[in-house]
Structures are given as C-alpha cells and as structure tokens.
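Asks: Model the structure of this input:
(2 chains, ligands or ions: 2)
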Amino acid sequence: MDRSKGIRTLGKRFFASIDKIPRAPPDRILGLTEKFNEDRNKKKVNLTVGIYKDAWGQVTTFPSVAKAQRLIDADLVLNTDLSYLPITGCPDYSEHVLNFLFKESCPLSGPKLLKEGRVSFTQTLSGTGALAVASKLLALWVSQTVWLPQPSWSNHRNIFRSNGFTNVKEYPYYKDGRITVEEWLDHLRSAVDKNSKTRDCILLHACCHNPTGLDPTKEQWKQILDTIHELGMIPIIDMAYQGLESGNPPKDAYLLRLCLDESLYKSWPHGLFVCQSFAKNMGLYGERVGSLSVVTPPFQPETKDNVDSQLKQIVRSIYSSPPGYGSRVATMVLSKSFLKMQWYKDVEFMVSRLSQVRKEMHELLEWPSLIDFDRQHGMFYYTGLNPKQINALRNDYSVYMTMDGRISLSGINDCNIEYVCKALKSVTKTI
Amino acid sequence: MSQTVLNNIPQLPADALFGIKQRSSRDARDFKVDLGIGAYRDENGRPWVLPSVRSAEKAIHEDPLYNHEYLAINGLPELSIGAAKILFGEESHALKEGRIISVQSISGTGALHIVSKFVAKFLAGRAVYLSEPTWANHKAIFKTQNVKTEAYPYWKSSTKTLDMDGFLGAIKSAPNGSIFLLHACAHNPTGLDPSKEQWPTILDTLASKEHIVIFDSAYQGFASGSLDNDAFAVRLGLEKLAKSCPIFVCQSFAKNFGMYGERVGCFHLVLPQQDANVDISKINRAISSQLSTIIRSEVSNSPAYGAKIVAKILNSPDLTKQWHKDMITMSSRITSMRHALRDKLVELGTPGNWDHIVSQCGMFSYTGLTASMVERLETQHAVYLVSSGRASIAGLNKGNLEHVAKSIDEVVRYCSKDAKF
Ligand SMILES: Cc1ncc(COP(=O)(O)O)c(C=O)c1O
Ligand SMILES: Cc1ncc(COP(=O)(O)O)c(C=O)c1O
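Replies: Numbers count the residues shown, from 1 in each chain, chains lettered A, B, ... in the order given. Ligands and ions are numbered 1, 2, ... in the order given. Below is the predicted model of the structure:
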C-alpha cells in the first residue's frame, strides 16, 4: 500500500472542510477603521469609532486615570502581584463597582438590594463581555428570545446569536429623526404573550442610545417599563455610556433607578440584567473593564447562589478569569475620593466639549436636531444621510462615517470642523 | 405564573482549586504550605514579577503615545507576530509559506475556547480526545460548546511513566480526522512529557490517521528555561503534519511571563501545505474573518495592557535577553526544588520510589500520593494539594521543604500501614 499517497488524498478531504469556510462579513465599524488607516488623503477624518478624542484629535488618558496609574505604579503590593484574579473578578473591584452602581447611582433602592444579597456580580471584559456572559446564562436556562431596538449597536445581534439565542427580534425605535415609542410598545403588546411559558428578553440602552443618540424621555421610559413589566419580559440594561449624557455618571443611571423603584415595580420576577462598561466613561476602552449585575427576585437567596455558580462555570470555560490591570485602575479611581472627584470632573469636561462641538456644528450647518439637548445625548449623532451620500463623503472627502449615517462627534475638533461641515453640506445639497 | 424562571437554575459545585485556596486561607495553623496553586512563587513563597516585565511596564508608561485605545478585534499584531516566531521558530516553513493565522486571545483558556467554538461551527461531529488525566478545565471548555470529548490513555500509574501503547492504540482506533489535544510541554497535571524519541512516533501515527491536532502550549520556556527546547513537539508537529491536516495552537503567556492575571495569549491556526493552484491568502482571510466574528461576539477585542508588555519584550532585544534569564531563574529554582524533595524523601527512607519527581518537568509533579494521603496531609500537616496527588513544585522553598518531606513521609507510612488490613 502506498501510504504517502493515502495521506495526500485523505489530507485534501479533511482540509476541504476548512477550505469551505466562507468569509464572514467584516465588523461594520472596525472594518471602516481599517480602510481609514489605508487612506492617504491628509485631510481624512474618522467619525466612525466611539472613542473620545480631545480638541486636538488625540486619544488621551483621563487625568483621574493617569493619577491612579501612578499610584498603582508606586504601590508595593499592587505592583508585586500579577496573580490570577478569582473567576468572577477582584473582590475590591466588585465592592467598589457595586457601591457605585447600587449605592451612589441608586441611593433609594440599591442599598437594600445589596443588604438582602440579591445582586449576583461578575467582573467582565467590558460591556461586551457582560452581554456575552449574560446571554450565555440566559440562553442556557431562561430564554432564547431577545428583542433589540431597530437600529442598535451592530454587535448586539452577533453577541446574542453567537451565545445561544435562537430568536433575535427587533422593536421599532427610530423613524425620521424621532423615537417611535408608540409603535415600539404596540409591537411588543401584539407580539409578546405574557401567558406563554417562555419569557422574552428585551435589550434597553440605558442612555445615549447607539447609534441614534436619541433617548426616550423620563415619562416615556415609565410607560415603556410598565409595558415590559406587564408582559413579563426580562430587561437587559446596556449601560455603556453612563455619564456621557449629563456629564454626571450617577445621574445618568435613571433607567436603572426607575427599574428598581419598588413602589412602581415590586420586583422583576425573572431577573434584571445590568451590563456596565468603563470603556467610554473612564476611557479604559482597550483594557476591557466592566461588569454584569444580575438582580434576583426577593426572598430567594438560593437563586442568587445558583446564578453565581453558573456564571463562574461560564466564565471558567470562556477565559478562566478577567484581566487585572484595567480593574486595578478602575478600583483605584472609585475607591479614593479625590480620584473619584477628579473622574467626575473629567467626565463633565468630556461632555462639555461634545456639547460645544454640537453647538459649533449647528452654527455652520443650521441643523436644529444637533442642539436638541433634551433628546440628543452622548457621543453620537445620527445625520440621516443616505448610503450614497455617505459613500460620496468617504470617496470624495475622506470623511468616514458608518453606513447608517452615524457620526462620532468626538472625532470633530477645531482643526477639521469647517472641513467636515463643508463636506456634509455639499453632499447633502448635491446628492 | 408567578413562579420565576430563574428558580430552575441548579447550583454547581465550586472549582476544586478554589476550594483549596479557601480552606488554606481559613486554616489557623501557623505553618501552612499551599501546593495547590498553579502559579510560580519565589524562594520566599511570594508571587514574583519578572524584572523584564517590570522594565517593559516602565517603558510603556513613559511612552508619550501610550493610551488605552481599543486594540483591533484580532489583537495587537506586534504581539501575535512575535508570539508565532518564538513558538514556531524564525525558520519555520509554515511561517515562511504564510500558512499561519495568528490572533490574540484571552490567555490560553481563551485560545482553547476559540478552538472549541471553531470546532463546533466548522468541524461538527468530530470528538476531541484529551489525555487521561488532563487539565481540569479542558473538558469544560469543549463541553460548553457541545463538542464531544473522549479520553486517551496517557499516564501509567503502576510505573509512573507514559502509557505509550495505550496512547498509540487510541490514536489508531479513533475515527480518521478526529481531534487530538496534546500538551506541548510540561503536561498538566502529570509533569510527564513524551521523550524526544517518542514524539516522532506519536506524530507520525496522528498524521497517518489524518487527525487534527490541538497543541496546548502553556509552559514554553517555563518548563526547561529554553524556548526552543520546550517548543520541540510543536515544531516537529508542524513538520510531520504539514501535509495532512490543519493544526490549532493555543499559546498562553501566563506562566512564562508570570503575568497570570493579565490574560495574554494567542491562538494560531496552521494550514497544511497546499497545491500550487490554491490561493492561500484567500483562505487566510476567510478564516481570519471567522475568528474575528467569534472574538467580537464575546469580548469585542482583547485586553491591551498585558499584550503591550509582552509585545514590548518580544520586540526589544535587551528585554528579550532579560526575559530569557528570568525564565531560567524560575525553571532552575523549580528543578532544584524537585531534586531537594526527592533527596529528602530518599534520606528519610520514605517507602516507594521518588525518582519521578525529578524526571517530571514544569510546575507540577504527579506525586502518586493517594486521595487519602492528600487528605491526611491537609488535616494533620496543613500541606495542601489537589486530591489527585498533583503538587505544585513552585510552592516549595527552602523554608518549607523539610516540613513537606517529613509530612509526606508520615502520611505514606501511615496510609500504607492501614492498607495492610
Ligand atoms: C450600546 C453599546 N453597548 C455596549 C458596548 C460595549 O463596549 P465595550 O465592550 O467596549 O465596553 C458599546 C460599545 O461601543 C455600545 O455602543
Ligand atoms: C495545560 C494548560 N492549558 C492551558 C492553561 C490556561 O491557562 P491561562 O488561561 O491562564 O493561560 C493552563 C493553566 O493552568 C494549563 O495548565
């Protein structure tokens, strides 16, 4: 028998299965960044990624974070131990983030939850990691149906699909420059059966909706939560931009406060999931710092223990334990009051620059929605440009935005604002 | 109706290693020894930050361009390119022929998890064969993706040597195109690796069956102090399997950089050699895009800090040199502790043969102590190890060696006395 020949033909067969793998579509946002990096136009402007840049177009470290780093660097204990963190994260980090989220951000209802031991907490790889771990847990035990706003952050669908959700549905969120709360709730009422044996999850952007930058008003949120609660849905709160609306992080947790208001909603009997990120509000993007809090119903201590144990198993099989450095920085910022005050100042400064950009763009473009500060929040602005105009902007002016017409205001500064506005004006006039 | 869906979630047992840590930290006795941990400790029993890591950290903080911006989905290229070079060697044919796709991962576990997702998606139906015994998490990593696992014989407890016949038998009887996970070096938990004479036979047998191989490389340089030495099996594997099938390689930098908690690692997919008419770059791009989608759905992008440190060390000749020294510091201390423990047990006349402690390598020794001996070590002597009898040699030092040896001596004598009845 010619063994080597046997190997060759067999080899092709097995190899063929890998050969057949199709190309997955590139990530919509980060794919554009790659294109941008290859663009040789000196005037190119990248308005795609949700990263804060200062008035000189630089990604800088927040002063509070820089100070925390120096303290860590000089600390003999923090500095001599790069051991594994526990599976669900560093205990100090847990303590301080729980305090931040449930005491400072929700002073009326949160402390009681903590005292009753109802919050199952996991340090996660930023907001994405929180959503991924939450969706794994839910898909395994609770529900494989989730409702996302249309439109939403492009990765949401990928996260839920890839982590066990078989049914990813959409609720209408935006149309022609406004939020469609009526349609949204009508749609849910007609599509979700509250008597069904299975529960549906619903993803809510806590503030600074991505990509539209448009959030419901406080009154609308009340109406929305009433409906969700009545339909027995499981809220997943995606809080990736806490502080970027008002400049004050605790203040921006209004959706969480509303959910936890026991005079309105006695409990969320199927759990409430809070996915939180320090990527944007602490500028720790690449360090992957965030958390998942699962608020369990009252009078069932065993439920919390069970959730804890399942989360551990999930994390252990995906990545064992979370990265340390970023969480040491966040813990330092949260635990020292002078750093925390500095951090709040940093957030306020960032938000005031973004407002300034909106105002200056409004002066040049006279688009009223730019300065509709009641509804328009955060780093993103939805231009309403169509794909043709967006392509023209990229091809003719090297101004990059995502295909849905979203721009990241932080990419705009004194040096490029006139160029960008001129380009916007010209493509909206001619195409 | 008011019954809540969350009530149906069952509680799982705690992680065994975590349990040890918990019990030992609660133990009020003055003199305790933790041989459970899978992390290096210095001669004072303390965690050790490598001098090369410390210098790299300083350099990074001083760099005016340092910031916390997101890395690309597939990670830091300076890391993954450098990582491929140290693992496969600068002269690797596969590297030169562009047959390796490398992405950053959340340490070794994250790389293994990528493999399990990839197998579930594109190689469904094939079982993954794991050594018996193996690292406790291997099974869970595949099980949670519904990938079937099987065991292949590895450790012959009667002789404390490799069960070569059983191993080869399992390779031959597995259906063609099965998946075999191999520990690249410093097998966890046994510390026992195939010899340089045994590896070619193992790899040839795998190739003849067209099996797909996963190399789990978690201890390169940590085991022997030499990167090249510890990459022997991986490099030979790439040559031997070059014509038959793809290879998955999971690379962790937890141990060899002493940065356990920063979660730095890489995943490499090595394609087999292709006919001239196949466009390899097209396949590369397709696979790379699929890996991106997996990574994007779980972490978006990998953590930056640790990756920058490793990349800095791999790309600065001075730091690289220092790092090589640091690995020798760790591996030689562990080797000397192995000898000291064996010698002490021989001196005490402890029943049994203890040479395996010296012939094994890496962080761990599979001591051959039984579960009841391990239990007695903990209750009577405050010496903690995993019930399988795996001891972390890194937890030994001059200050506790004598205590550990005498304790082992006592429990072995005590339990073998019992066994006579
Ligand atoms: C709505 C939304 N959720 C979650 C995230 C997660 O980001 P990260 O994983 O970096 O915290 C983002 C980031 O862009 C986002 O826009
Ligand atoms: C055999 C083996 N593989 C992989 C790992 C992964 O470790 P990490 O995820 O910390 O890189 C370990 C760690 O103990 C191991 O022993």
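
Asks: which SSE is B:Thr221 in?
Replies: I think there's a mix-up here, since residue B:221 is Gly and not Thr. Using DSSP states H and E, B:Gly221 falls within no helix or strand.

Asks: Break the chain down into its domains, please.
Replies: Reading this off chain A. Domain assignment for chain A, taken from automatic domain parsing, gives A:26-62+A:339-430, A:84-335.

Asks: nope, chain B
Replies: According to automatic domain parsing, chain B comprises the domains B:15-48+B:332-413, B:70-315.

Asks: Turn those domains into a markdown table, columns for mean pLDDT and mean neighbour count.
Replies: Using the backbone N, CA and C atoms, a C-beta is placed for each residue, glycine as well. Converted to a markdown table, the domains of chain B look like this (pLDDT from 0 to 100; neighbours: other CB atoms under 10 Å in any protein chain shown):
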| stretch | mean pLDDT | mean neighbour count |
| --- | --- | --- |
| domain B:15-48+B:332-413 | 93 | 18 |
| domain B:70-315 | 95 | 21 |
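
Asks: which one of these lies closest to ligand 1?
Replies: domain B:70-315 (4.5 Å; CB to the nearest ligand atom).

Asks: neighbouring strands for the host helix or strand of B:Leu130, and are they parallel or not?
Replies: Element membership for B:Leu130, per DSSP H and E: strand B:128-132. Here strand B:128-132 is paired, per DSSP bridges, with strand B:149-153 (parallel), strand B:179-183 (parallel).

Asks: Show the pLDDT at the nearest residue to B:Asn67 once chain neighbours are set aside.
Replies: Nearest non-adjacent residue to B:Asn67, counting by CB to CB, 6 or more residues apart in numbering or on different chains: A:Val59, 4.7 Å away. Listed pLDDT for A:Val59 reads 90.

Asks: what about A:Val59, distance to ligand 2?
Replies: Distance, A:Val59 to ligand 2, using CB to the nearest ligand atom, to the nearest Å: 29 Å.

Asks: Am I right that that residue sits in a helix?
Replies: No - counting by DSSP: H, G, I helix; E, B strand; the rest coil, A:Val59 is not part of a helix but coil.

Asks: Beyond the helix or strand hosting A:Tyr93, next helix or strand please.
Replies: Per DSSP H and E, A:Tyr93 falls inside helix A:91-98. The C-terminal neighbour of helix A:91-98 among helices and strands, as given by DSSP H and E, is helix A:110-115.

Asks: What is whatever helix or strand comes next after that following helix packed up against?
Replies: Proceeding N to C from helix A:110-115, the next assigned helix or strand is strand A:119-124, under DSSP H and E. Using 3 or more CB pairs under 8 Å, 6 or more residues apart in numbering or on different chains; DSSP states H and E as the contact criterion, the elements in contact with strand A:119-124 are helix A:91-98, helix A:126-141, strand A:290-295, helix A:301-318.

Asks: Please tabulate these in CSV and include mean neighbour count, distance to ligand 2 and mean pLDDT as additional columns.
Replies: Converted to CSV, the helices and strands packed on strand A:119-124 look like this (neighbours: other CB atoms under 10 Å in any protein chain shown; distance: least, CB to the nearest ligand atom, whole Å; pLDDT from 0 to 100):
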stretch, mean neighbour count, distance to ligand 2, mean pLDDT
helix A:91-98, 18, 19, 97
helix A:126-141, 25, 15, 97
strand A:290-295, 26, 19, 98
helix A:301-318, 20, 10, 94
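
Asks: Tell me the gap between the strand holding B:Leu130 and the middle of its chain.
Replies: 14 Å (CA atoms, centre = their mean, to the nearest Å).

Asks: distance between whichever helix or strand comes after it and the chain's centre?
Replies: Downstream of strand B:128-132, the first helix or strand assigned by DSSP H and E is helix B:136-143. Offset of helix B:136-143 from its chain centre (CA atoms, centre = their mean): 13 Å.

Asks: who touches helix B:136-143?
Replies: The contact list for helix B:136-143 (CB atoms under 8 Å, 6 or more residues apart in numbering or on different chains) reads A:313, A:316-317, A:320, B:16-17, B:109, B:112-113, B:116, B:119, B:128, B:130, B:148-149, B:181, B:216.

Asks: In PDB, list the C-alpha atoms belonging to that helix.
Replies: In PDB, the C-alpha atoms belonging to helix B:136-143 read as follows (Å, rounded to 0.1, in the frame of the first residue of the first chain):
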ATOM      1  CA  ALA B 136      -9.400  20.100  34.700                       C
ATOM      2  CA  ASN B 137     -10.700  22.800  32.500                       C
ATOM      3  CA  HIS B 138     -10.100  21.200  29.200                       C
ATOM      4  CA  LYS B 139     -13.300  19.100  29.300                       C
ATOM      5  CA  ALA B 140     -15.500  22.000  30.400                       C
ATOM      6  CA  ILE B 141     -14.200  24.200  27.600                       C
ATOM      7  CA  PHE B 142     -15.300  21.800  25.000                       C
ATOM      8  CA  LYS B 143     -18.400  20.600  26.800                       C
END
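
Asks: how about the strands in the stretch 251-400 of chain B?
Replies: Taking DSSP state E, counting those that start in this stretch to define them, one finds strands in the stretch 251-400 of chain B at B:264-270, B:364-366, B:383-384, B:390-392.

Asks: Redo those strands as a markdown table? Include distance to ligand 2.
Replies: As requested, these are exported to a markdown table (distance: least, CB to the nearest ligand atom, whole Å):
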| stretch | distance to ligand 2 |
| --- | --- |
| strand B:264-270 | 5 |
| strand B:364-366 | 8 |
| strand B:383-384 | 17 |
| strand B:390-392 | 10 |
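
Asks: residue contacts, the residue nearest the centre of chain A?
Replies: Nearest residue to the geometric centre of chain A (CA atoms, centre = their mean): A:Ala240, 3.5 Å. Each residue near A:Ala240 by CB under 8 Å, 6+ apart is listed here: A:127, A:153, A:205-206, A:208, A:210, A:275-277, A:279-280.

Asks: can you give me the helices for the stretch 251-400 of chain A?
Replies: Per DSSP state H, counting those that start in this stretch, the stretch 251-400 of chain A has helices spanning A:254-259, A:301-318, A:325-335, A:337-365, A:387-397. These are given in chain order.
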